[in-house]
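[1] I need the structure of the sequence given here:
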Amino acid sequence: MDHANLTNAELSVMNLLWDQGRLTARQIREQLYPDAEKAQHGTVQRFLQSLEEKGCVARDRSLPVHLFAAAISRETYAGRQLETLADTLTGGSIAPFLTHLLAEKKIDRAELARLRRLLDGKAGR
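    Numbers count the residues shown, from 1 in each chain. Below you'll find the model as predicted:
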């Protein structure tokens, strides 16, 4: 399973599934291409097939019309992306990312409190 290599189009599909839950291919197509002059059915089917092969999407075949749902959470995907970026840019350390986010005030008080709790829990082990 290679979750790290989602295309922008695949990520658009995933965002729909993360935000709305289970959808049919038609519902996805209508939201991705609301003004399409020509049918995009094959394109959406290719995205869904690729996402299914990557382990990101689960297909429910129990109904006449298949339903698709995210097989990984947005948080899991984001975490894996961050780990890949950290490996590439900083030798695996996420400290530079956190330092930047704190310096730029991109982390609000609630998120900061959550991070403190996580860090305290790790230190207590």
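[2] for the chain, which helix is longest?
    If you go by DSSP state H, the chain has its longest helix at helix 74-90.
[3] for the nearest residue to G21 once chain neighbours are set aside, give me its contacts.
    Sequence neighbours aside, A69 is the residue nearest to G21 in space, at 6.5 Å (criterion: C-beta to C-beta, 6 or more residues apart in numbering). Using the backbone N, CA and C atoms, a C-beta is placed for each residue, glycine as well. Applying C-beta atoms under 8 Å, 6 or more residues apart in numbering to A69 gives the contacts 17, 21-23, 57-58, 60.
[4] pipe these into CSV and attach neighbour count and secondary structure per row.
    Converted to CSV, the contacts of A69 look like this (neighbours: other C-beta atoms under 10 Å; DSSP: H, G, I helix; E, B strand; the rest coil):
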residue, neighbour count, secondary structure
L17, 22, helix
G21, 11, coil
R22, 13, coil
L23, 20, strand
V57, 21, strand
A58, 15, strand
D60, 12, strand
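[5] show me how the chain divides into domains.
    Split into domains by automatic domain parsing, the chain comes to 3-70, 94-125.
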